[in-house]
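[1] sequence first, predicted coordinates after that:
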Amino acid sequence: MQLCDIFLGLGEDSSTQLVRSISLGKLKTYQLFDRLKTRFHVNKLNSETLRKAAPRCWERLEAKDDEFATDLAQAILVSHLELIKEVLNHLGIPHEDGFFAKDIDASTYLKEGWEQNVFDAFREKYTAAVLLFYINHLGWEVAKADQVFAPAADSA
């Protein structure tokens with residue numbers, strides 16, 4: 001599974017919500033603002049251009065532009081570091097403000113059913129699009145997941 005597959009598996013509506021959830025302030029803090037502006041092919045990056053760029057983002061994800069997907073995912077993740085810290089704490093995974101230590105094997109902390117457990121624990125606090133994106137990203141990055149996680153029908 002590639003990073004584009006996570007976005008595609010979550011669907012266009014979720015991907016649009018994810019693009020709109022990007023924090024411009026966090027992009028500046030983590031020095032990603034100019035990089036994302038370049039990736040989005042816009043002269044000016046603000047909430048309006050993010051909103052308008054969402055359909056073009058979807059087209060690029062459908063075209064399997066994994067470099068674009070990587071930069072987009074990074075922007076989404078830094079915009080939601082509080083969620084990341086809470087999920088990692090919930091799973092007992094050691095981290096430094098949401099970032100893994102260099103030599104950690106975080107896969108040992110992901111027990112059977114961890115995705116549903118995390119979804120159930122945080123679905124009332126965070127939007128489904130952001131929560132499912134992070135669950136899938138963590139699964140892809142750490143557990144080398146080969147399919148997109150979707151919550152059980154009675155949980156959604």
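    Alright, I've got the coordinates. Residues are numbered from 1 along each chain as shown.
[2] alpha carbons only for contacts and neighbour counts from here, please
    OK.
[3] what's around residue 89, how many residues?
    13 (other C-alpha atoms under 10 Å).
[4] and if you look at residue 111?
    Neighbour number of residue 111 under other C-alpha under 10 Å is 10.
[5] distance of it from residue 141?
    For residue 111, the distance to residue 141 (C-alpha to C-alpha, to the nearest Å) stands at 15 Å.
[6] and residue 37, by the same measure?
    25 Å.
[7] show the contacting residues for residue 92.
    Each residue near residue 92 by C-alpha atoms under 8 Å, 6 or more residues apart in numbering is listed here: residue 109.
[8] doesn't residue 86 make contact with residue 118?
    No. Using C-alpha atoms under 8 Å, residue 118 is not in contact with residue 86, being 9.8 Å away.
[9] quick one: buried residues of the helix or strand containing residue 52?
    Per DSSP states H and E: residue 52 is located in helix 47-62. For helix 47-62, burial by neighbour count (16 or more other C-alpha atoms under 10 Å) applies to 50, 53, 54, 55, 57, 58, 60, 61.
[10] again with stretch 11-29
    12, 14-24, 26-27.
[11] mind checking the SS state of the residue of the chain most remote from its centre?
    Residue farthest from the centre of the chain, counting by C-alpha atoms, centre = their mean, is residue 43 at 24.5 Å. Taking DSSP: H, G, I helix; E, B strand; the rest coil as the rule, one finds residue 43 in the coil state.
[12] OK, contacts around the nearest residue to it once chain neighbours are set aside?
    Nearest residue to residue 43 in three dimensions, chain neighbours excluded: residue 37, at 7.1 Å (C-alpha to C-alpha, 6 or more residues apart in numbering). Residue 37 sits next to 43, 44, 45 when contact means C-alpha under 8 Å, 6+ apart.
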